[in-house]
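Enquirer: build the 3D model from these lines:
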Amino acid sequence: MDLSHLGSRLGTRRAFQVVLAAASALALLLWWLLPSSGPSYPKGPISLATGVQSGVYEKYGVLLKKDLRTALPGVKVNLERTEGSVENIEEVVNGQADFTIAAADAVATYNGPGKDHLRACARLYDDYMQLVVPHDSKVQSARDLRGLRVGVGQAGSGVNLITRRLLTAAGLDIDKDITAVPVGIDQAPSMLLSGKLDAFFWSGGLPTAAVSAMASPTDRIRLVQLGDLVAKLHAMGPQMQYYRQAMMPPDAYPNVQGNQSIATIAVANLLVTTDHANAGLVQRLTKAVIDSRDSIGNVVHAAQLVDLRTAVFTDPLPLHVGAERYYRSVKP
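Expert: Got it, this is the predicted structure:
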């Protein structure tokens, strides 16, 4: 009996089984490495407007972009530096950016074209208002800034918006009572240390790296409390409701605060888009924001406060339908 053909068939079958097993293993590996199944989404490029160099918005955007390579395969994410929240909102409503980060007070203040199309993906973390002066400065409150050179943030920044309101609450006219210098966190620290500024305002997550860098060596700068302005700020109108009284904890800038908490105001940051954004894209991006909290928080400590339980509180904006779908999918 000739068994050669039988052996040949068995060998072919064995080889087929080996190939099939290898293919199954590869499929399992790809399933493990690639994002879990989810809604479909367009694969074109998207843009994220961030903020000034050295600011928390910019650092957050850089790190989120890395995580989106896995969360949104095939989507190229372009980052755009801006002056901050006010400009960011304008870029989104004008279609120059698809997503952005903006403070809730700036969103509430915007009253231009496209306002009704604005939507939120998530509440992120809070910005803390910080008034920085040289260590030997006599300034003890914003009221003491009269006659001084003060960094007030760039025109398109949320810093500038809050600073103007704080100075009004302090009884100062930004155009008459101080020398207002329109610089942000990318320039203000060096100008203060070189004597070109007497003080500067900054609104950002804690800690802000540029402020931390100024704190070494010790006794170079000091943070001034702003808690005495909260009540007057709230009395200025309903839009002031987005500011809350807050304490900068001692470990925010340990070399600056002398292990003391500092009273100030805080405002929430939102991840913003418009109702034109694809729902599947927004759903996946929102999931990536929540999932990346720990990885981003290792570098941008403020991001550690991104939380699924608070992310849905995006007043004054309604949630985008894609974000709603994500939060419903993970609701216990």
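
Enquirer: what mean pLDDT does the helix or strand residue 60 falls within have?
Expert: Secondary structure assignment for residue 60, by DSSP states H and E: helix 56-71. If you average the pLDDT over helix 56-71, you get 94.

Enquirer: buried ones in that helix, by neighbour count?
Expert: The neighbour-count check on helix 56-71 (16 or more other CB atoms under 10 Å) flags 56-61, 63-64, 67-68, 71 as buried. Where you see a C-beta, it was placed from the backbone N, CA and C, and this is true even at glycine.

Enquirer: against which helices or strands is the next helix or strand after that helix packed?
Expert: Per DSSP H and E, helix 56-71 leads on to strand 77-80 as the next helix or strand towards the C-terminus. The contact analysis (3 or more CB pairs under 8 Å, 6 or more residues apart in numbering; DSSP states H and E) places strand 77-80 against strand 46-49, helix 56-71.

Enquirer: got JSON lines for those, with distance to residue 321 too?
Expert: Shown next, in JSON lines, are the helices and strands packed on strand 77-80 (distance: least, CB to CB, whole Å):
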{"stretch": "strand 46-49", "distance to residue 321": "17"}
{"stretch": "helix 56-71", "distance to residue 321": "19"}
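
Enquirer: out of those, flag the one nearest residue 297.
Expert: Among those, the nearest to residue 297 by CB to CB is helix 56-71 (9.3 Å).

Enquirer: which secondary structure elements does that closest one contact?
Expert: Using 3+ CB pairs under 8 Å, 6+ apart, helix 56-71 sits against strand 46-49, strand 77-80, strand 99-103, helix 279-291, helix 293-297.

Enquirer: adding mean neighbour count, mean pLDDT and distance to residue 164, write the ones you listed out as JSON lines.
Expert: Converted to JSON lines, those look like this (neighbours: other CB atoms under 10 Å; pLDDT from 0 to 100; distance: least, CB to CB, whole Å):
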{"stretch": "strand 46-49", "mean neighbour count": "23", "mean pLDDT": "98", "distance to residue 164": "22"}
{"stretch": "strand 77-80", "mean neighbour count": "16", "mean pLDDT": "97", "distance to residue 164": "25"}
{"stretch": "strand 99-103", "mean neighbour count": "27", "mean pLDDT": "97", "distance to residue 164": "14"}
{"stretch": "helix 279-291", "mean neighbour count": "22", "mean pLDDT": "97", "distance to residue 164": "30"}
{"stretch": "helix 293-297", "mean neighbour count": "16", "mean pLDDT": "91", "distance to residue 164": "31"}
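
Enquirer: between the lengthiest strand in the chain and helix 56-71, how many degrees?
Expert: If each strand of the chain is counted by residues according to DSSP state E, the longest one is strand 118-134. Put simply, strand 118-134 runs at 140 degrees to helix 56-71, going by axes from the mean of the first three to the mean of the last three CA atoms, to 10 degrees.

Enquirer: and the following helix or strand past strand 118-134, how far out from the chain middle?
Expert: Once strand 118-134 ends, the next helix or strand along the chain (criterion: DSSP H and E) is strand 149-151. In terms of CA atoms, centre = their mean, to the nearest Å, the centre of strand 149-151 is found 25 Å from the chain centre.

Enquirer: direction included, what does strand 149-151 pair against?
Expert: strand 179-181 (parallel), strand 199-204 (parallel) (DSSP bridges).

Enquirer: and residue 188, what does it touch?
Expert: 132, 151, 181, 197, 200, 202 (CB atoms under 8 Å, 6 or more residues apart in numbering).

Enquirer: now with 10 Å?
Expert: Contact analysis of residue 188 by CB atoms under 10 Å, 6 or more residues apart in numbering lists 52, 54, 132, 150-153, 159, 181, 196-197, 199-202, 210-211, 214.
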